[in-house]
Each structure stands twice: as C-alpha cells, then as structure tokens.
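K.L.:
no letters, just coordinates:
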C-alpha cells in the first residue's frame, strides 16, 4: 500500500509540474490542481498509513490513526479550492481583456521582463 | 492571561466584514473606520512592544489548550516589533490611498486592506508552523484582491502571474510542512526545536529535505534570486498604495527565515549545516547585484523601484545568512529601513504617475508639483541607495561591519559596495531624466488633463520619509534594541519553556506521555 500511495503522489506531482511549466493559463491551472491533489494525499500520508483504525479514543481499540493530518488536509483542501477559484476568475478576466491566455508577458512588455534577467 | 496579544489579529478580522457588510456603499464611513482601526492597531502594537521590551515573552493559548496540542500566539521582541512596523506602515499607506483616491477606484479596498493586515499580523505572532501557513494564505488571498484593485488588463495579467507563482509556493509550503510532520510529529515551533535536536545523525534525510523545502518557500516570499521573478511585474502593476503595503510582505519571508532558522534549525545544528553559508549567502549576494543592476537597466520608474526592493531584500538576506547576533541585528535594522524606504518610493512613483503620460524613463514635460515630488524622490533615493546621511547608509554600514569576521568578507564587501555604486548611478539617471531634463521640455499646453496630487498624499509620503530620518537620527537606539532582539533569538530557551511549560487544558506534566506515543513510529 505504501508503494501504491507513494507512486500515486509521485505521478500526480510529476504531471502537475509538467503542466505548470506550460505556456497557457488553462494547463497551468490544471497543473496546480494536480499538485494540490498530490500535496493533499501527501499530508494525509504524513501521519503514517493505517487501515481501518479510528482516529478518536474509544473502548476496546488498540491501534489508532493519527487524527491531526486529517485536520490539516481539510484546511489545505479548502484553501486550495478557494485559491483555484480565484485564479480561474482572474485568469478569465485577463483572457477576456487581452484575448490572449499566455502566462508570460506580452511582446510589448517583454522588454521590461528581459531586463530583469540581465 | 491577557487577551491583548490576539488583538492585532482580531481587530482587523472584525473590522473587515463590518466594512463589507455595513458600509459597502459609503466610502466616507469605510475610510474613517479603516483609519481608526489602524490607529488602534498602532496603539495596541506600542503597548505590546512596551510589554516585551524587558525580555518578557507573551503567550496566548487559544481556547486555553496547552502548547503542543493547541494553537499558540507568541509575542517576543522581534514579533511585536514587526507588528508595530506593519501598523505604522499601514497608517501612511492608508492615508495615501485616501488622499490619492485609489481606494475609490474599485470596490472593497478597505475590507481587503484590513484582511491583509490580519494575515500579516497573524504571520508575525503565531507560534505554530501550520498556523503560519494559514496566515500566509490569508494575507495572500487579500493581496490577490488588492493586487488587481482598480482592474485593467495589464494589472490582471500581472495578477495571474502573481497568483500562480504564489499558489506554487503554497503547495511547496504544504509539502514542507507534511515532511516536517512526518519526521517529528509536531508543528509547534518550540516543540519542533526540541524534537529536531533529538533526531539521530543517521535519520536526518527527511528533516534535511524538509528544511530545504521550507527555506525555498520563505525565499520565494522574500524574493531572493532566483525566486524573485514574480516581484517586478506584480509590484510594478499593482496600485501604488498596495505596492507600498507589499513592501512588508517580502519582510514576512525574511521574518520567517529568521524565526525558523534561529529556533528550529539553529546555525550550529549539524542537520542544516551549510544551508545558510553555502546556499543562502551566494543567493543573497546575487540578489543584491541583480537588484542594483536592475535599477540601472530599468526603462520604467515603477520597475526601477521594484528592483530596488529586490536589491534591499538581498541586503537583508546577506545579513541574515551570516547567522550571527551582529548579523541578525543589522538585518533587523535594515528591515525597518527597507520597508519604509521601499514604500515611500512606490508612493513617490505614483505622485509622478499622476502628472505624467506614462512612467517611461524618457524626457517629458515637467509634472505638476515637480519640485516637491523631485525633492521627495531625492530623499527616498538617497535612503534606498544607502548614501549618508540617511538610514540606508547606517544599515549598510552595520551589515558590512557584521560581515567583517565572516569567511566571505571579501565577497560581501566587494559585491555590496560595487553594486551600491551601480544602484546610485541608476537612481541618479532616473532622477535626472524624470525631473531635471523635464525642465528643458516645453510645458504642456493643457495641463488640466492631469490633476495635482492632494495634500494628504504628500503628507503620507512625507510622513514615511520623516520616519526614515528619525530612524537615522535614532540609529543608535534602534540598533541597540535590534541587538537585544537578536540576543533573544539566539537564546531561545525562555521562549520554548514559556510555550511548552505554561499550563492549560490537557497539560499533563511536561509532555511526557505525549512524546512517548509520538516517538513510537521512529
């Protein structure tokens, strides 16, 4: 099970990084969504993987799962959902305004970008 | 336990929804509540600074839960000082936003401004790493709204880049937090400091990765080269008061580096050996160089100031990555200076923008109120470039002095002094093109299309610059206080025992049973 979860996180992260390096807004947002899924599973796994164990103290139970990562991942999910919604709206506004959905700067402002890398 | 420590977070958190819900159509009410809130924040911050100035550590346990289980807020000399700096900066930025009418060019400026303050204050006061993440997100969400305040396609495009870059940073932060939790089983900073020190020499792989990931996250926030690419276009396109407020946001990254890498991963810890002198120091030196060269190379005035901010963050990071008490003290002095100077320059750029067709560094007819604006730019540029008699000079002197004992002293002195010269040339060039050569151009036939900046705008910029002058006059006292801050950072034992040993709900004696259950997995 550890191998399955670890490779799933790895594949999600690799796909996410590939997509975030693309030029247009939509694949980049997709890539960030994949990255947030990967990190959510990663946080969940940070409390060790335990199958069928309760997180809350109860009678007659000896093995427990760590409850804290589950609380952390809930926060992370909410925040990443909200952030993705915000970036979709801002990206949509930028696309409708300039009729161009490239993430990098437009040609007329590319001069000022280039000087930053000098 | 008094509740004052949480007041800097709760006050803006309550004020912002009030402004949205009750005063959304009344800009006058919004303005007065916003200013009153910031004034109250300054008063609270002054009170907190006064309380901790004798070395006391303030602790606030939320819902009275004891430390490793509950969330705590901790106020020591450093965090209360940063809270005070934020509140003072916010006042002048707010006055400028009101004076220039920026707050009325889009909706909800004041509500977002208060939420932004809440996030920044929380990030400075929290004693828990996951809480730090949450407050980072609060300040980022508010900053996304502020960044695109007023709209316009170029601003939205810069906003997309800014949001995407920060989303990747947040994801990285979560990866770092999860690896830290997997390795140690806690996210409370004081508890972490104990746990990290206990990790055996053979099991450091995970915590090393986590330490580097965490440093990367904070370096993104602090815009250290090569992670600075988000800064120039977003700061240049953001509305001027927002860019000025963002001057404190890069310092949140610097604060987090100071806090985490003096307490959790102290400089003499073998796990993170080499992280700050082999990796952080060269990156910081390159930041100084890139920032100063960017000042000379910029074709627009707003980009020039953005690069000046990168350069001054580089100076702060050079001083931090020495990781000596002298270095941290110099960095703290420079943080105050750089925040005020950067904010003042962004506001001066906006004064120029109100009277000019664009911000290109080309010869154009003089702007209205040219003499006064030029004078303010002159003072701000002297401070930023580090020329005497202003605080930038003392700041650089302290940094150079702190690096005198360092093995990299030759490199630091050469790069800081050489790039400062380039920066001065860049500021001189920009100032003479914008203000001086303008005198030779024919004045505008119809100057009425531009309006003169209001008196309140000048008051706000002048206020920031007079704070810089005060910082220069009282450099000795401020540096003395910064030295006590650094001393407190390098002796974290009182901080840790205050956080971990204060009784609260669930405080069974000194976390014995807690650590035994948590260590099983290792």
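P.N.:
Received the coordinates, thanks. The shown structure was predicted, so the numbers you read here are calculated from the model rather than taken from an experiment. Residues are numbered from 1 along each chain as shown, chains lettered A, B, ... in the order given.
K.L.:
which single residue of chain A ends up nearest chain B?
P.N.:
The minimum distance from chain A to chain B, using CB to the nearest CB, falls at residue A:97 (3.5 Å). All C-beta atoms are positioned from the backbone trio N, CA, C, and that covers glycine.
K.L.:
that residue sits in which helix or strand?
P.N.:
Element membership of residue A:97 [criterion: DSSP states H and E] is helix A:68-98.
K.L.:
check which residues of that helix are buried.
P.N.:
Neighbour counts using 16 or more other CB atoms under 10 Å in any protein chain shown place A:68-69, A:72-73, A:75-76, A:79-80, A:83-84, A:86-88, A:90-91, A:93-95 of helix A:68-98 among the buried residues.
K.L.:
kindly tell me how buried residue B:455 is, as a neighbour count.
P.N.:
For residue B:455, the neighbour count with other CB atoms under 10 Å in any protein chain shown is 9.
K.L.:
so the residue of chain A closest to chain B sits right up against residue B:153, yeah?
P.N.:
Yes. With contact defined as CB atoms under 8 Å, residue A:97 reaches residue B:153; the gap is 3.5 Å.
K.L.:
what does the stretch 101-250 of chain B have sitting close to chain A?
P.N.:
B:130, B:134, B:137, B:140-141, B:144, B:148, B:151-154, B:156-157, B:159-161, B:163-164, B:167-168, B:170-171, B:174-175, B:177-179, B:181-182, B:229, B:232-233, B:236 (CB under 8 Å from any CB of the partner chain).
K.L.:
any of those residues buried? List them.
P.N.:
Burial by neighbour count, judged by 16+ other CB under 10 Å, picks out B:130, B:134, B:137, B:140-141, B:144, B:148, B:152-154, B:156-157, B:159-161, B:163-164, B:167-168, B:170-171, B:174-175, B:177-179, B:181-182, B:229, B:232-233, B:236 from these.
K.L.:
skipping its backbone neighbours, what lies nearest residue A:15 in space?
P.N.:
Distances taken as CB to CB, 6 or more residues apart in numbering or on different chains put residue A:34 closest to residue A:15, at 5.2 Å, once the chain neighbours are dropped.
K.L.:
where in chain B is pLDDT low?
P.N.:
Chain B contains residues with pLDDT under 70 at B:1, B:368, B:444-449, B:506-522.
K.L.:
any idea how far residue B:436 lies from chain A?
P.N.:
Separation of residue B:436 from chain A (CB to the nearest CB, to the nearest Å) stands at 23 Å.
K.L.:
what sits against that residue?
P.N.:
Applying CB atoms under 8 Å, 6 or more residues apart in numbering or on different chains to residue B:436 gives the contacts residue B:374.
K.L.:
next, it: secondary structure please.
P.N.:
Per DSSP: H, G, I helix; E, B strand; the rest coil, the local secondary structure of residue B:436 is helix.
K.L.:
and for residue B:73?
P.N.:
Relying on three-state DSSP, one would call residue B:73 strand.
K.L.:
now the strands for chain B?
P.N.:
For chain B, strands defined by DSSP state E occupy the ranges B:58-61, B:72-75.
K.L.:
the first one pairs with which strands, and in what direction?
P.N.:
Meaning strand B:58-61. Strands adjacent to strand B:58-61 in the sheet, as given by DSSP bridges, are strand B:72-75 (antiparallel).
K.L.:
any buried residues in the strand it pairs with, and which?
P.N.:
Neighbour counts over strand B:72-75 (16+ other CB under 10 Å) mark B:72, B:73, B:74, B:75 as buried.
K.L.:
closest one of the residues you listed to chain A?
P.N.:
Of the buried residues of strand B:72-75, the one sitting nearest to chain A (CB to the nearest CB) turns out to be residue B:72, at 15.5 Å.
K.L.:
surely the closest one meets residue B:188?
P.N.:
Yes. Residue B:72 lies in contact with residue B:188 (CB under 8 Å); the separation is 7.1 Å.
K.L.:
what sits in contact with each of the two?
P.N.:
Residues touching both residue B:72 and residue B:188 (CB under 8 Å, 6+ apart): B:127, B:128, B:499.
K.L.:
for the first one, list the residues it contacts.
P.N.:
Taking CB under 8 Å, 6+ apart as the criterion, residue B:127 is in contact with B:59, B:67, B:71, B:72, B:73, B:74, B:188, B:189, B:190, B:499.
K.L.:
gap between the spatially most central residue of chain B and chain A?
P.N.:
Nearest to the centroid of the C-alpha atoms of chain B, with distances taken as CA atoms, centre = their mean, sits residue B:251, at 2.2 Å. Plainly put, residue B:251 is 21 Å away from chain A if you go by CB to the nearest CB.
K.L.:
which one is that residue nearest to, not counting chain neighbours?
P.N.:
Leaving aside its chain neighbours, residue B:251 sits nearest to residue B:335 (5.3 Å; criterion: CB to CB, 6+ apart).
K.L.:
so who does the one you found touch?
P.N.:
Contacts of residue B:335 by CB under 8 Å, 6+ apart are B:82, B:85, B:251, B:254, B:255, B:316.
K.L.:
apart from its chain neighbours, what residue comes closest to the fifth one?
P.N.:
Yep, that's residue B:255 we're talking about. Of all residues beyond its chain neighbours, the one nearest residue B:255 is residue B:82 (5.7 Å), with distances taken as CB to CB, 6+ apart.
K.L.:
quick one: the helices in chain A?
P.N.:
Along chain A, counting by DSSP state H, helices occupy A:2-20, A:25-45, A:68-98, A:110-116.
K.L.:
run a quick neighbour tally on residue 105.
P.N.:
Picked chain A for this. By other CB under 10 Å, 18 other residues sit near residue A:105.
K.L.:
switch to chain B, that's the one I care about
P.N.:
14.
K.L.:
residues in contact with it?
P.N.:
Contacts for residue B:105 (CB under 8 Å, 6+ apart) come out as B:149, B:150, B:239.
K.L.:
show me the shaky parts of chain A.
P.N.:
For chain A, the stretches with pLDDT under 70 are A:106-118.
K.L.:
center of it - which residue?
P.N.:
residue A:36 (1.5 Å).
K.L.:
doesn't residue B:168 make contact with that one?
P.N.:
No. Contact criterion CB under 8 Å: residue A:36 and residue B:168 do not qualify, at 10.1 Å.
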